[in-house]
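In: 3D, please:
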Amino acid sequence: MEIQTGESSITCPPDVVESLSESIEAAKYLLEITQESNGPESTTDLTSIEAGFQGVVKQIGETLQSIPEAIIDEEEYIGVVVQSLSNEMQNANIGDGSKSEILQNIQQKISQRHSHEELVSEEQIETDLYPSDPEVSYASYLSESQPDMPSQSTYVSSQRKYGDLSESQMSEIPDIPSQSTIVSSSQRKYGTLSESQSQMSEIPEISSQSTNVSSRQRKYGTLSESLSMLPQVTQFMEPPYQAFICPLTKDVMEDPVTTETGVTCERQAVTEWFDKFGDPDEISCPVTGQKLTTGLSPNLVLKTIIGEWKVRNEAARIKVAHAALSLGGSESMVIDALRDLQMTCEGKEYNKVKVREAGIIQLLDRYLTYRSKDVRYELLQLLKTLADEDTDEGKEMIVNTLAMSCLIKFLGSSHQTVRHAALALLLELSKSGHACVKIGNATGGILMLVTSKYNEESDAFASEAADQILRNLEKFPHNIKQMAESGLLEPLLIHLAEGSEETQVVMAAYLVEIDIGHEKKTNVAEKACPALIKLVQSENIEARRAAFKALAHISLFHPNKQILVEVGIIKIMVEEIFTKRMFSDLMNSRNEAATILANILESGVEHETFEVNTTGHTLGSDYFVYNIIQMLKNSSPDNLNIDLIRILLSLSKSPRAMATIVSVIKETDASFAMIELINNPHEELGVGALKLLIALTPFIGHTLSERLCKTRGQPENLIQCPAEANLITEKHAVSAKLLAKLPHQNLTLNLALVNESIVSEILHAIHLIQRSGTRTSRYATDFLEGLVGILVRFTTTLYEPQMMYLAKNHDLTSVFADLLMKTSSDEVQRLSATGLENLSSTTMTLSRPPQVRNKNFMESLSMPRSFSLRSSKKKQVETCAIHRGVCSAKATFCLVEANAVTKLLACLQSDKTEVVESALSAICTLLDDKVDVEQSLNMLSGMNAVELIINAVKEHKKESLLQKAFWMIDKFLIRGGQRYAFGISQDRMLSGMLVSAFHRGDRNTRQMAENILRRLDKMPSFSVYMTEKSDI
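Out: Next up is the predicted model:
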């Protein structure tokens, strides 16, 4: 087939485009018919559809054949490409080989449809009808990568550069034999197909002793079937001369040598021929049969000629492959082109340079998205061959041209051959520093390599290759960081331990930046801490700073405490805090050292046993505590003060250390300085100071209360209630908790807090938290406990008129009663019960009998009955049976009127001892001798109080709780007699607990247990304790 030079129905590009457009529309219509034929009721004949498709393909081929030669001009290889595609499409065999009537009908329907539709825009790019891959077609290649394609002028220049053969040279080349070429294993190595796939087309005959084309002839003189289908390709390929063929191997010679008889053979082959003869005198010529010696002469002239012939043919093969890849034809053509390029470039640097200069690497980029695994494999093999050279030029061109993300995706391929080829390519590329940067920057690249490395059991080759690639990538610190982030920490730890100081600084910084899993943090600490300690003690400020930050990060994980202690970090950090001078340490390491020490102490290390200096002082010694508190008093930087407070809080958990802290604070009068810290605008510092004051409250609470009241803006500024429950901060919670923990009976503090707006704000905040439910801050419960504690402190000084007024005005009895049941916090229940106890204790004082009016005075007022201001019926004033007076929840804090008794009894079922004890204490106020005990017992009995009290005794063993419960049971027995005695005595478990308390309890508990046992007739009527007392 030749490009049309004469007249044709298609003479200009618009006609070609129009014809191709019609063919494309026909193919689309056939596709619609095919889709409809998939239905259950389809009657479409698939054979006719196949015939239609074949007609479309052949029609496109005829259209390509009719392209005028003037359009191609001097671009000879473009003509070759067009002719090849035309030939391939016209020879396609899909159906019966004819154009068929269905195609004609389709074209008629399409022409009718176009009469009713708008013309397709000239700028629209149609999809290739004959793609080599479902995802990547020639048209899509052109549309995606057209800017990267070399221009026609560039292609012509490259042709000329690589040396096409002239007509005179072509005429001198002998004809190629016409027999079928035998494809050997060596042929397959260089990219040929199997015999069933690659039956060579007819080739002119050449006179030769051998009728077979050997592997070297295949390598240098012939092309694969798909590339041989390019019509004019034979004029660019120079077949081997007979003189080039070794008579022994039938291959083109690499190192020709001449024997004494004038026969030229391959050196290795003739040497092996000589070795077959046991006697040197029997050696004969393999061709003439004449006697020979082992003397051989190098045929340098022939070797030079063969070399020049190879260069010419290799240049031609590169051009042919460039044309095939530019065309993007069938899959077999692409594979053959890739294989031929690999064969041509293998071990030949100058051919790799030619391939790069021809722009073939730019063409390969489009095939990275090819779906065929065979194409991907051959592409990766070719790229590896191009990258395998002494210089980094080829590697850099590959990584700069190709999408590294696509190469990385091949690591996850389901085909092992593709995965291995991708790993082999990346291993070769990783030998270049520039490529290492590109691989490291590719999204997910290092993660995929780390995954392959750890997958040794399923794929040992991939594991080993990935490991070698990762080792090459370690040349760049950023890659090491990504490895650590992907779970491979060994490179980072090795470079931290063995690298230069500059490298160690970078690795230490990475330790802080990356997120290490908990299961690996201990291993990291073991390997990193020795190197970090050395950096801390160096003179390099940057090294010290990076090491301190890394150690602070490691110390945050509490299980690392023992490792840190063993490397001697405590002494080093204490020295940094106390002895380093500011002028001698530009980075001010005190802050970092205090942070590390605070982290270690918070992990629960036994600080009393660790010495901080050579004189034997420990972390809990007066020396250490005194210096820490002095630094707090001297207004150190806020960040340092935060860590100093953290250190003191950790030490306060030890009774001995706490006693030392209290002693030093009293001695140095440091409480003022600590209270001043709560006004610091730095919230974290304020929170830390408040926590420390809370810890000190049981020891110097009154002192703190007095000094708090003398501090500007305090204590009212500690009560800050946010507008929404979800805005509650930790500072809100600890501020309220401090006021709740300070001694409740400190009148100075209570009076400072007595403010109508403050109490109203507290009640509003409590209501806000209760109403919000789960939509609250994490600190809401602590804040609520603090607020309730502040209300309870008001009930401890009810003798003060302002406190009494406040309790009545805000009906605190009802508030506490509601809180018993409307909270899930045990502490709120305990505080509420305590508040009710305090209020109920004053009920008898507040309750008064109803007042009787003076009738004589009323009768002296002579007013007509019609003007009477009161009803004629006398209103009965009800009195409380227990308190024997007029009671109410608001005015007299009566538990009965507030319906609090039932709620208190319900609290006896709590599993928290403190809640049960507080509830018992509140109920005990109803059995006091000042009230009507008989009425109280009747009321409690009706509420099943006895059983609840007995159950509480069984569940809880706290001494003070047992005393209250036994006291109440004794009350029931004394006042109720046999009415309660029988039921109590039948409870065997209670009897056993009474006996146990009698034997093991303190004096008061034993006395109460004895009284109950005696009243239950389980002991004699005399008391050993009374006898002992009388004896004394």
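In: Which residues does the helix or strand that contains Lys527 contact?
Out: If you go by DSSP states H and E, Lys527 is part of helix 518-536. Defining contact as CB atoms under 8 Å, 6 or more residues apart in numbering, one finds that helix 518-536 is touched by 489, 493, 496-497, 501, 504-505, 508, 511, 516, 543-544, 546-548, 550-551, 554, 557, 559-560, 563-564, 567-569, 572. Where C-beta positions appear, they are placed from N, C-alpha and C, glycine not excepted.
In: among these, which are in helices?
Out: 493, 496-497, 501, 504-505, 508, 511, 543-544, 546-548, 550-551, 554, 563-564, 569, 572 (DSSP state H).
In: my guess is Met253 contacts Pro247, does it?
Out: No: Met253 lies out of contact with Pro247 (CB atoms under 8 Å); the separation is 9.9 Å.
In: Report the set of residues contacting both of these two.
Out: Common neighbours of Met253 and Pro247 (CB under 8 Å, 6+ apart) are Cys265.
In: In terms of neighbours, single out the busier of those two.
Out: Met253 (25 against 18; other CB atoms under 10 Å).
In: Which members of the ones in helices among the contacts of helix 518-536 are classed as buried?
Out: Neighbour counting by 16 or more other CB atoms under 10 Å classes 493, 496, 504-505, 508, 511, 543-544, 546-548, 550-551, 554, 563-564, 569, 572 among these as buried.
In: separation between Ala997 and Glu959?
Out: 9 Å (CB to CB, to the nearest Å).
In: now Met253
Out: From Met253 to Glu959 the distance is 109 Å (CB to CB).
In: Please name the nearest non-neighbouring residue to Ile885.
Out: In this structure residue 885 is Gly, not Ile. In this structure, Gly885 finds its nearest non-sequential neighbour in Ser847, 3.4 Å apart by CB to CB, 6 or more residues apart in numbering.
In: what residues are up against that neighbour?
Out: Counting by CB under 8 Å, 6+ apart, Ser847 touches 880, 883-887, 892, 894.
In: Now render those as TSV, adding secondary structure and pLDDT.
Out: Shown next, in TSV, are those (DSSP: H, G, I helix; E, B strand; the rest coil; pLDDT from 0 to 100):
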residue	secondary structure	pLDDT
Cys880	strand	88
His883	coil	90
Arg884	coil	88
Gly885	strand	89
Val886	strand	90
Cys887	coil	91
Thr892	coil	93
Cys894	coil	94
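In: Can I have the buried ones of those residues as a PyMOL selection?
Out: This is how PyMOL selects the buried members of the contacts of Ser847, with burial counted by 16+ other CB under 10 Å:
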select buried, resi 880+883+884+885+886+887+892+894
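In: ok, so of the contacts of Ser847, who is nearest Asn455?
Out: Set against Asn455, the nearest of the contacts of Ser847 by CB to CB is Cys894 (76.5 Å).
In: Just list the residues touching the closest residue to the closest one other than its chain neighbours, thanks.
Out: For Cys894, ignoring the flanking residues on the chain, the nearest one in space by CB to CB, 6+ apart is Cys887 at 3.7 Å. Counting by CB under 8 Å, 6+ apart, Cys887 makes contact with 843, 847, 879-880, 894, 896-897.
In: Go through those residues and name the one with the lowest pLDDT.
Out: Lowest pLDDT among the contacts of Cys887: Thr879, with 85.
In: what about that one, neighbour count?
Out: Neighbour count of Thr879, defined by other CB under 10 Å: 15.
In: cool, Leu690 as well?
Out: For Leu690, the tally of surrounding residues (other CB under 10 Å) stands at 24.
In: What of Glu542?
Out: 15.
In: and it, what does it touch?
Out: Val505 are the contacts of Glu542 under CB under 8 Å, 6+ apart.
In: again, but for Glu785
Out: For Glu785, the contact set (CB under 8 Å, 6+ apart) comprises 736-737, 740, 825, 827-828, 831.
In: His420: which of these is nearest?
Out: Nearest to His420, judged by CB to CB, of these is Ser825 at 63.1 Å.
In: Confirm for me that that closest one is in contact with Leu784.
Out: Yes: with contacts counted by CB under 8 Å, Ser825 reaches Leu784, the gap being 6.5 Å.
In: In terms of packing, which of these two has more residues around it?
Out: Taking neighbours as other CB under 10 Å, Ser825 and Leu784 compare with Leu784 leading, 26 against 17.
In: and the more buried one, that one's in a helix?
Out: Yes: Leu784: assigned to a helix according to DSSP: H, G, I helix; E, B strand; the rest coil.
In: Skipping its backbone neighbours, what lies nearest it in space?
Out: With sequence-adjacent residues excluded and distances taken as CB to CB, 6+ apart, Leu784 is closest to Ile769, at 5.1 Å.
In: And the contacts of the helix or strand hosting that neighbour?
Out: Assigned by DSSP H and E, Ile769 belongs to helix 756-772. With contacts defined as CB under 8 Å, 6+ apart, helix 756-772 is touched by 716, 719, 721-722, 724-726, 728, 776, 780, 783-784, 787-788, 790-791, 794, 806, 810, 815, 819, 822-823.
In: Show me how to select, in PyMOL, the buried members of the residues you listed.
Out: The PyMOL selection below is limited to those of the contacts of helix 756-772 classed as buried (16+ other CB under 10 Å):
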select buried, resi 719+721+725+728+776+780+783+784+787+788+790+791+794+806+810+815+819+823
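In: Looking at the contacts of helix 756-772, which are in helices?
Out: 780, 783-784, 787-788, 790-791, 794, 806, 815, 819.
In: Farthest-apart pair in the residues you listed, please.
Out: Ala780 and Leu806 (24.7 Å).
In: if we can go back for a sec, pipe the contacts of Glu785 into JSON lines and attach distance to Ile600 and secondary structure per row.
Out: What follows is these, written out as JSON lines (distance: CB to CB, whole Å; DSSP: H, G, I helix; E, B strand; the rest coil):
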{"residue": "Ala736", "distance to Ile600": "31", "secondary structure": "helix"}
{"residue": "Lys737", "distance to Ile600": "27", "secondary structure": "helix"}
{"residue": "Ala740", "distance to Ile600": "31", "secondary structure": "helix"}
{"residue": "Ser825", "distance to Ile600": "33", "secondary structure": "coil"}
{"residue": "Glu827", "distance to Ile600": "31", "secondary structure": "helix"}
{"residue": "Val828", "distance to Ile600": "35", "secondary structure": "helix"}
{"residue": "Leu831", "distance to Ile600": "36", "secondary structure": "helix"}
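In: So which bits of stretch 600-611 are buried?
Out: For stretch 600-611, burial by neighbour count (16+ other CB under 10 Å) applies to 600-603, 605, 607, 610.
In: Now the phi/psi pair for Pro256, please.
Out: With angles defined as degrees, to the nearest 10, Pro256 sits at phi -70, psi 140.
In: From Tyr241, how far off is it?
Out: From Pro256 across to Tyr241, the span is 12 Å (CB to CB).
In: Between the two, which is the more surrounded one?
Out: The neighbour comparison of Pro256 against Tyr241 (other CB under 10 Å) goes to Pro256, with 24 against 18.
In: Now the closest residue to that one other than its chain neighbours: phi and psi?
Out: Distance criterion CB to CB, 6+ apart; nearest residue to Pro256, sequence neighbours excluded, is Asn299 at 4.2 Å. When quoted as degrees, to the nearest 10, the phi and psi of Asn299 stand at phi -100, psi 80.
In: same deal with Val257?
Out: phi -130, psi 150.
In: likewise the one 10 residues further on?
Out: Per-residue torsions, Arg267: phi -60, psi -50 (degrees, to the nearest 10).
In: just the strands in this protein please.
Out: Per DSSP state E, the chain carries strands over the ranges 256-258, 264-266, 297-298.
In: and for the last one, what are the contacting residues?
Out: If I follow you right, that is strand 297-298. By CB under 8 Å, 6+ apart, strand 297-298 touches 255-259, 267.
In: what's around Cys406, how many residues?
Out: 15.
In: what's the neighbour count on Thr293?
Out: Neighbourhood size, Thr293 [other CB under 10 Å]: 11.
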